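Student: Next come a sequence and a model predicted from it.
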Amino acid sequence: MPKNSDYEMVHMENVVKRFGSFTALNDINLSIAEGEVVVMIGPSGSGKSTVLRTINQLEKHDSGRIIVDGMEITDDLRTLAQIRTETGMVFQQFNLFPHISVLRNITLAPQKVRHMPHNEAEDLAMQLLERVGIPEQADKFPGQLSGGQQQRVAIARALAMNPRLMLFDEPTSALDPVMINEVLKVMGELAADGMTMICVTHEMGFARGVADRVIMLDEGMIAEEGVPNEFFNNPQSDRAKLFLSQILH
Amino acid sequence: MSMLAVRRDAIAERIDWAKANLFDTRVNTAITLVSLVAAVAFLFLTVRYFLFQANWGLVALNRKLFFVGSYPADEAFRVWIAMFLAVTLIAITYGIWGGRLRPYLIVVGAVAALVLTLGLGVEPRIEERAFTEIIESGGQQTTISGINRVLVMEGGWAPSWLYALSLGLAVPFGSTWVLMAGLFGTLAGGAVIGKQLARFRSNPVMLQGMGALWVLLIPAIVLLQLGVSTNSWESAFLDIIVFSVGVFFSFFIGLALAMGRVSPYRAIRISSVGYIEVVRAAPLLVWLLFATFLKDELGPVGAAFSSIDLVYRVMIVFAFFGGAYIAEVIRGGLQSVPRGQREAAQSIGLSTIQMYTLIILPQAIRAVIPAIIGRFIALWKDTALLAAISLVNTLEKSRKVLGGQTDIAEGAFFEIYLIVALIYWVISYMLSRLGDTAESRLGVGRR
Ligand SMILES: Nc1ncnc2c1ncn2[C@@H]1O[C@H](COP(=O)(O)OP(=O)(O)OP(=O)(O)O)[C@@H](O)[C@H]1O
Ligand SMILES: [Mg+2]
């Protein structure tokens, strides 16, 4: 189902992740093309976050292969660092750095990791803040912003490293309805610009409107996947039917 | 409503409050009255003591001993330079990050005026007066003649209690009022200059520059003293220098130990925990005694250690002892930083070192500033223990003063120990103010 190109951005092969004796990911096989937007859904505890977190190695997988943008994840720290700089992640709780200004949140990684000059980094940060619609908040601290604004700063922070792949882990679950839309709008624009995205979200409107593919996880396995309209209108597996009936009432 | 009516209402309100809370039952009325009498009596006794009974001349006479002990007078410039360095840095730092300038300048000005106008004219000295006395007993007359030492205060125009109030005792080397005035001038001027610099407060160059100066201050002060044998490091000077060096290194040792406790390497984790537990298992005094009497029991390491001057050994003990406690405090801070911070730092590609220095430690340390300051204050007061290992700290010096001048210091222990307490209090208070300021300054924008 690749969309824009045949280039494979993420490749997961027989990936297994255990926490003690509990198997969180049980033989995941996944291929995501450059420019593709994938929405991942599934019941709580099904392993959605864990999939994202193994891709940028916030969690080490136990077996299987993960290849991101042509680089295979091994114990090599340099590859790992490279993969992390090419992969932006947005968290449910924003996780902005509360002790530094909004601007500094965004300029930090370009300056410290890419050694970008101070002025250049600030120009970049301002451009990104324009893009997510809150340039006037640059000098505030994260704690002074609304949830929706914070999440947009978090997106800008991730974009500052000019990533090839963006991972979103329930970016709108901690937000009020009004704020949800402002974040989804930014995500939609990002998708339209051709960014490769994996989004864990239960925003069905977003899934139908923006996603190229929906993947449903259950108990650490891929239960079903498909094009959004097909998946929502005509789910094949019992698990998917049950899950959809629960979230759509 | 007129002003008067407003005031009358306010008074009536207070009376109502008192009636409702202090005089509502018979028992409460009795308690209130007894407390009132006790408070008035206490106040009366205190004021009478301070103004009319206390022998402040004794304090004045020995003021140099309290501050620098037997530090050689012709090496005094070393202490003065150290004081000027410290005061300059303190004042500029206050100007940049401290509170408002006006109350600060008023306090500095008031203290300066008191010290310089009241304190400096006075010259207390001991006079020896010959006496002859005839004692009659059992019809026999015996003539005794001898010398009586009395304390005389001359030259000042202020009564002795005012003199004490003036902190004239803060002049360690007698009539060096130009230097003293310079010190106050620096305190005021530095803060004013600091205020001008305040707009560069968050400029990284400024932060790093000031940080570097503070880090260099303590080594500079110690280096300045190297020409003077540590045998003559005494009194408040000794306490302050041991504390400063100890506290300075204890912070970094604590930081290293706290990082050791969360290290990915088991061996480092275990040795950090082991070190912390062992050090905290015994009181500081015991470690000080070990440091004092250690010869070659621990082989070449012990021999090398024991060849160092006792004062430096004590500094090392303070640093490593304090470090164990600071480590635990910082560990608490590390735990208070949410996991998501670490993940966010990793996800934007920061290295582990960058993650700690830029994201985790600033938040962790900020969260525990009050506790760290608390440890510092405790360490400061622990310098009182130096008296137990034959070092002459402020406390020991004051005991020597009392013991050596029994004729004129008869029963004056209260005056002397009050001054000792005052010296401990001043530094403790400055530390806690520092903590408050650091907390509110660094707390900007916290969630
Ligand atoms: N660090 C961990 N230690 C132990 N178990 C974990 C850890 N992280 C996740 N798990 C377990 O792994 C399973 C999958 O977790 P994951 O967070 O991926 O689920 P999820 O699909 O994102 O759920 P949710 O919708 O609630 O976020 C859960 O059962 C969880 O309890
Ligand atoms: Mg999750």
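Tutor: Now that the structure is in, tell me what you want to look at. Ligands and ions are numbered 1, 2, ... in the order given.
Student: can you list the domains in chain B?
Tutor: Chain B resolves into domains spanning B:3-52, B:228-420+B:440-447 when parsed by automatic domain parsing.
Student: quick one: the last one to chain centroid distance?
Tutor: In terms of Cα atoms, centre = their mean, to the nearest Å, the gap separating the centre of domain B:228-420+B:440-447 from the centre of its chain is 15 Å.
Student: That domain and ligand 1 in contact?
Tutor: No - applying Cβ under 6 Å from any ligand atom, one finds that domain B:228-420+B:440-447 is not in contact with ligand 1, the shortest distance being 9.1 Å. Backbone N, C-alpha and C define where each C-beta goes, glycine included.
Student: which of the domains of chain B is buried the deepest?
Tutor: domain B:228-420+B:440-447 (a mean of 18; mean count of other Cβ atoms under 10 Å in any protein chain shown).
Student: wait, does that one make contact with chain A?
Tutor: Yes - under the criterion of Cβ under 8 Å from any Cβ of the partner chain, chain A is reached by domain B:228-420+B:440-447 at B:338, B:340-341, B:343-351, B:354, B:358-359, B:362-363, B:366, B:442, B:444-447.
Student: got TSV for the domains of chain B, with mean pLDDT too?
Tutor: Compiled in TSV, the domains of chain B are given as follows (pLDDT from 0 to 100):
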stretch	mean pLDDT
domain B:3-52	85
domain B:228-420+B:440-447	90
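Student: For B:Thr143, find the nearest of those domains.
Tutor: Distances from B:Thr143 to each of these were compared by Cβ to Cβ, and the smallest falls on domain B:228-420+B:440-447, at 21.0 Å.
Student: Please report the distance of the closest residue to chain B within chain A from A:Glu36.
Tutor: Closest residue of chain A to chain B, Cβ to the nearest Cβ: A:Phe141 (2.5 Å). The span separating A:Phe141 from A:Glu36 equals 36 Å under the rule Cβ to Cβ, to the nearest Å.
Student: likewise B:Phe23?
Tutor: Distance from B:Phe23 to A:Glu36, counting by Cβ to Cβ: 81 Å.
Student: Any chance of the domains of chain B in CSV with distance to A:Pro43 as columns?
Tutor: Formatted as CSV, the domains of chain B follow (distance: least, Cβ to Cβ, whole Å):
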stretch, distance to A:Pro43
domain B:3-52, 59
domain B:228-420+B:440-447, 23
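Student: got the residues of chain A near ligand 1?
Tutor: Within chain A, the residues that sit near ligand 1 (Cβ under 6 Å from any ligand atom) are A:19, A:24, A:42, A:44-50.
Student: Please report the number of neighbouring residues for A:Ile198.
Tutor: For A:Ile198, the tally of surrounding residues (other Cβ atoms under 10 Å in any protein chain shown) stands at 27.
Student: Which ones among the residues of chain A next to ligand 1 map onto strands?
Tutor: A:19, A:24 (DSSP state E).
Student: before we move on, which element is the closest residue to B:Met210 other than its chain neighbours in?
Tutor: For B:Met210, ignoring the flanking residues on the chain, the nearest one in space by Cβ to Cβ, 6 or more residues apart in numbering or on different chains is B:Thr93 at 6.5 Å. In this structure, B:Thr93 sits in helix B:76-97 according to DSSP states H and E.
Student: In the helix or strand just after that helix, which residues are buried?
Tutor: Downstream of helix B:76-97, the first helix or strand assigned by DSSP H and E is helix B:101-113. Of the residues in helix B:101-113, those buried under the neighbour-count criterion (16 or more other Cβ atoms under 10 Å in any protein chain shown) are B:101, B:104, B:108, B:112.
Student: any chance of the residues you listed in TSV, plus pLDDT and distance to chain A?
Tutor: Listed next are the buried residues of helix B:101-113 as TSV, based on pLDDT from 0 to 100; distance: Cβ to the nearest Cβ, whole Å:
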residue	pLDDT	distance to chain A
B:Leu101	85	25
B:Tyr104	85	27
B:Val108	85	32
B:Ala112	80	38
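Student: Include distance to B:Phe66 when you put those residues into JSON lines, please.
Tutor: Rendered in JSON lines, the data for those read as follows (distance: Cβ to Cβ, whole Å):
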{"residue": "B:Leu101", "distance to B:Phe66": "31"}
{"residue": "B:Tyr104", "distance to B:Phe66": "26"}
{"residue": "B:Val108", "distance to B:Phe66": "22"}
{"residue": "B:Ala112", "distance to B:Phe66": "20"}
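Student: out of everything not next to it in sequence, what's closest to B:Asn393?
Tutor: If the residues on either side of it in the chain are set aside, B:Asn393 comes closest to B:Leu386, at 4.1 Å by Cβ to Cβ, 6+ apart.
Student: try B:Ile419
Tutor: Computed as Cβ to Cβ, 6+ apart, the closest residue to B:Ile419 that is not its neighbour in sequence is B:Val59, at 5.4 Å.
Student: how many neighbours does the one you found have?
Tutor: B:Val59 - counted by other Cβ under 10 Å - has 24 other residues nearby.
Student: so what secondary structure elements neighbour the host helix or strand of it?
Tutor: Using DSSP H and E, the secondary-structure element containing B:Val59 is helix B:56-61. With contacts taken as 3 or more Cβ pairs under 8 Å, 6 or more residues apart in numbering or on different chains; DSSP states H and E, helix B:56-61 sits against strand B:123-137, strand B:140-154, helix B:160-165, helix B:413-442.
Student: Run through the neighbouring helices and strands of the helix or strand just after that helix.
Tutor: Using DSSP H and E, the helix or strand that directly follows helix B:56-61 along the chain is helix B:63-68. Counting contacts by 3+ Cβ pairs under 8 Å, 6+ apart, the secondary-structure elements packed against helix B:63-68 are helix B:235-261, helix B:394-404, helix B:413-442.
Student: tilt between the second one and helix B:235-261?
Tutor: Between helix B:394-404 and helix B:235-261, the angle formed by their directions is 150 degrees, by axes from the mean of the first three to the mean of the last three Cα atoms, to 10 degrees.
Student: quick revisit: A:Phe141 and A:Glu36: which has the busier surroundings?
Tutor: Neighbours per residue, other Cβ under 10 Å: of A:Phe141 and A:Glu36, the larger number sits with A:Glu36, 25 against 20.
Student: close enough to count as contact, that one and A:Tyr7?
Tutor: No - using Cβ atoms under 8 Å, A:Glu36 makes no contact with A:Tyr7, being 10.1 Å away.
Student: Spatially central, which residue of chain A would that be?
Tutor: Central residue of chain A (Cα atoms, centre = their mean): A:Leu167, 1.5 Å from the mean position.
Student: re earlier: if I look at the residue of chain A closest to chain B, how far off is A:Gln149?
Tutor: With the distance defined as Cβ to Cβ, A:Phe141 ends up 12 Å from A:Gln149.
Student: Tell me which residue lies farthest from the centre of chain B.
Tutor: B:Gly139 (60.2 Å).
Student: And for B:Gly189, the neighbour number?
Tutor: Neighbour count for B:Gly189, taken as other Cβ under 10 Å: 17.
Student: before we move on, what about the one 5 residues further on?
Tutor: Summarising burial for B:Gly194: neighbours were counted as other Cβ under 10 Å, giving 23.
Student: Could you double-check that it sits in contact with B:Ile90?
Tutor: No - under the criterion of Cβ under 8 Å, B:Gly194 makes no contact with B:Ile90, lying 9.7 Å away.
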